[in-house]
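Colleague: please work out how this folds:
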Amino acid sequence: MSEQGPELEIVHLLRKVTAEFALRQAEFAARNGMHPTDVRALVCLLDAEREGSGVTAGRLGAELGLNSAGTTSLIDRLERLGHLTRTRDERDRRRVLLRVTPQAVELGWAAFGPAIGSAVALLREFDAAEVAAVRRFLGGFLAAVSEEGGGAGATGGAGATGGAGAGR
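Modeller: Numbering: from 1, shown residues only. So this is what the prediction gives:
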């Protein structure tokens with residue numbers, strides 16, 4: 001691998017990390033009666049919450065690449081499992097916003113918290129310039145993957161953002 005250079009070694013290492021994280025997400029989904037797309041949906045909702053934006057069914061479906069029927073089925077399933085709630089938008093009562101429940105956040109932290117904690121601890125060993133370099137690389141790589149896949153890489157690779165509850 002070293003004859004490929006350190007750049008490709010890092011790209012391959014990132015691929016291994018994302019594949020391993022995707023496997024852990026699939027195992028988490030199966031253990032908790034969910035489909036892997038359900039976990040991606042929860043991650044999308046948590047990301048939006050962190051950004052301070054509300055998510056409608058239409059936006060969630062678009063981010064996941066689902067049609068209306070598939071989105072409704074996913075939302076109904078997550079609501080039945082107690083992982084999601086629908087609430088009226090306070091600013092526009094016609095809009096219904098989706099939110100992850102505290103129960104789902106706790107479930108996600110129980111599964112993914114140790115890995116997230118290890119990553120945070122590791123990053124705390126880096127100086128500000130190293131953290132900036134990691135952020136720049138991951139942001140640039142995400143943009144490249146998202147552009148190449150027509151946006152599918154951004155949501156399909158949600159393992160980079162964590163599992164259900166990872167966005168706390």
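Colleague: give the buried residues for stretch 62-78.
Modeller: Judged by neighbour count (16 or more other Cβ atoms under 10 Å), stretch 62-78 contains these buried residues: 63-64, 66, 71, 74-75, 77-78. Where you see a C-beta, it was placed from the backbone N, CA and C, and this is true even at glycine.
Colleague: closest one of those to A104?
Modeller: Using Cβ to Cβ, L78 is the member of the buried residues of stretch 62-78 that sits closest to A104, with 7.9 Å.
Colleague: distance from the helix or strand hosting E7 to the middle of the chain?
Modeller: With elements taken from DSSP states H and E, the one containing E7 is helix 6-31. For helix 6-31, the gap between its own C-alpha mean and the chain's C-alpha mean amounts to 13 Å (Cα atoms, centre = their mean, to the nearest Å).
Colleague: buried stuff in it?
Modeller: Judged by neighbour count (16+ other Cβ under 10 Å), helix 6-31 contains these buried residues: 18, 21-22, 24-25, 28-29.
Colleague: what's the answer for stretch 30-40, then?
Modeller: 32, 34, 36-40.
Colleague: now do stretch 108-126
Modeller: 108-109, 111-113, 116.
Colleague: in this protein, which helix or strand is least confident?
Modeller: helix 152-156 (a mean of 41; mean pLDDT, DSSP states H and E).
Colleague: flag the shaky bits of this structure, pLDDT-wise.
Modeller: In the prediction, the chain carries residues with pLDDT under 70 at positions 1-2, 148-168.
Colleague: for it, just list every one of the helices.
Modeller: Shown for the chain, the helices assigned by DSSP state H span residues 6-31, 36-51, 57-64, 68-80, 102-124, 128-148, 152-156.
Colleague: between those, which one is nearest to V96?
Modeller: For the helices of the chain, the distance to V96 is smallest for helix 57-64, at 7.0 Å, taking Cβ to Cβ.
Colleague: how about residues contacting the closest one?
Modeller: Helix 57-64 is contacted by residues 37, 40-41, 44-45, 48, 66-68, 70-72, 74-75, 96, 98, 155 when judged by Cβ atoms under 8 Å, 6 or more residues apart in numbering.
Colleague: try 10 Å
Modeller: Helix 57-64 is contacted by residues 37-38, 40-41, 43-45, 47-48, 53, 55-56, 66-72, 74-75, 84, 86, 95-98, 151-152, 154-156, 158 when judged by Cβ atoms under 10 Å, 6 or more residues apart in numbering.
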